[in-house]
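Q: After the sequence you'll find the predicted model.
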Amino acid sequence: MSSTPIRILIADDHDVYRDGLKLLIGKHQDMVVVGEAENGEKLISLARQLTPDVILTDLRMPIIDGTRAIRAIHEFNKDIRIIIISSFDREDMIVNALEAGAIGYIVKNAQKGEIEDAVLTVFSYTPYYCRSTSQRLVKLISNSSFNPYKNKKTPLFSERERQIIQLICQEKTSKEIGLLIFTSDRTVEKDRRTILEKMNVRTSAGVALFAVKNGLYFIKE
């Protein structure tokens with residue numbers, strides 16, 4: 001990590017949630033909040049003025065919604081990494097925002113440490129998908145035009161790794177995978193870590209989306 005903190009701009013129309021984010025981020029020595037916006041119009045203005053490293057933004061905001069703001073920001077500065085903060089009630093909105101230029105998303109009631117993990121991940125231009133991603137959302141994203149892997153070379157996977165990838169995409173646990181391929185769950189966990197490293201993803205949802213976008217897994221209708 002650089003000695004310079006990651007500069008973060010947050011946007012949400014609820015003061016209490018913004019305050020909570022600022023408090024959370026303020027505890028992390030590698031991150032600093034440089035601005036906050038309560039609507040999409042102000043978000044666009046501050047993004048242009050402050051040029052933050054990472055933006056954390058809600059999608060439901062007044063004046064200009066989050067998706068339109070993301071699209072506008074992406075048009076004038078593609079280096080700003082944008083994370084969607086979603087209440088997860090409108091999955092189509094998440095897909096539209098990813099297509100507009102966001103490279104990650106988390107739910108508002110994310111698990112402990114997930115917001116920091118998401119920021120650190122997208123800072124290195126690596127997509128981040130919430131750990132609680134539903135299979136339906138994976139399918140929606142996989143069928144969308146959003147593809148952060150299109151210019152990256154697909155790594156080589158062993159036959160067993162491909163088998164594990166298939167089972168991860170089917171939402172199998174390490175214990176279930178171990179039983180299916182006749183090995184210990186500890187060995188599966190080791191292989192899983194290798195797969196995540198090769199794909200440069202952080203969650204099972206990331207594995208599934210990488211696999212679909214690179215032809216390693218096909219979601220059944």
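A: Arrived safely, thanks for sending. Note that the structure is predicted; figures quoted are calculated from it, not measured.

Q: What are the boundaries of the helices in the protein?
A: Assigned by DSSP state H, the helices in the chain fall at 15-26, 40-50, 66-76, 91-100, 114-123, 135-142, 159-169, 174-181, 185-199, 204-213.

Q: ok and the helix or strand of the chain at the bottom of the mean pLDDT ranking relative to helix 159-169, angle-wise?
A: Least confident helix or strand, the chain: helix 135-142 with a mean of 78, by mean pLDDT, DSSP states H and E. Between helix 135-142 and helix 159-169, the angle formed by their directions is 110 degrees, by axes from the mean of the first three to the mean of the last three Cα atoms, to 10 degrees.

Q: elements contacting helix 135-142?
A: Taking 3 or more Cβ pairs under 8 Å, 6 or more residues apart in numbering; DSSP states H and E as the contact definition, the neighbouring helices and strands of helix 135-142 are helix 91-100, helix 204-213. No exception for glycine: its C-beta is placed from N, CA and C like everyone else's.

Q: I'd like to know which of the helices of the chain is closest to L9.
A: Go through the helices of the chain one by one with Cβ to Cβ and the one that ends up closest to L9 is helix 40-50, at 5.8 Å.

Q: Show me what the closest one is in contact with.
A: 7, 9, 11, 34-35, 37, 52, 55, 57, 61-66, 68-69, 72-73, 76-77, 80 (Cβ atoms under 8 Å, 6 or more residues apart in numbering).

Q: In PyMOL, how would I select just the buried ones from the residues you listed?
A: Remark: buried members of the contacts of helix 40-50, expressed as a PyMOL selection using 16 or more other Cβ atoms under 10 Å:
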select buried, resi 7+9+11+34+35+37+52+55+57+61+64+65+66+68+69+72+73+80
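
Q: give the contact list for the residue lying farthest from the centre of the chain.
A: Here the centre of the chain is the reference, and by Cα atoms, centre = their mean the most remote residue is F182, at 32.3 Å. Contacts were defined as Cβ under 8 Å, 6+ apart; by that measure F182 touches no other residue.

Q: Tabulate the helices and strands packed on helix 135-142 (a markdown table), appending mean pLDDT.
A: Rendered in a markdown table, the data for the helices and strands packed on helix 135-142 read as follows (pLDDT from 0 to 100):
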| stretch | mean pLDDT |
| --- | --- |
| helix 91-100 | 87 |
| helix 204-213 | 87 |
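
Q: Cool, thanks, talk later.
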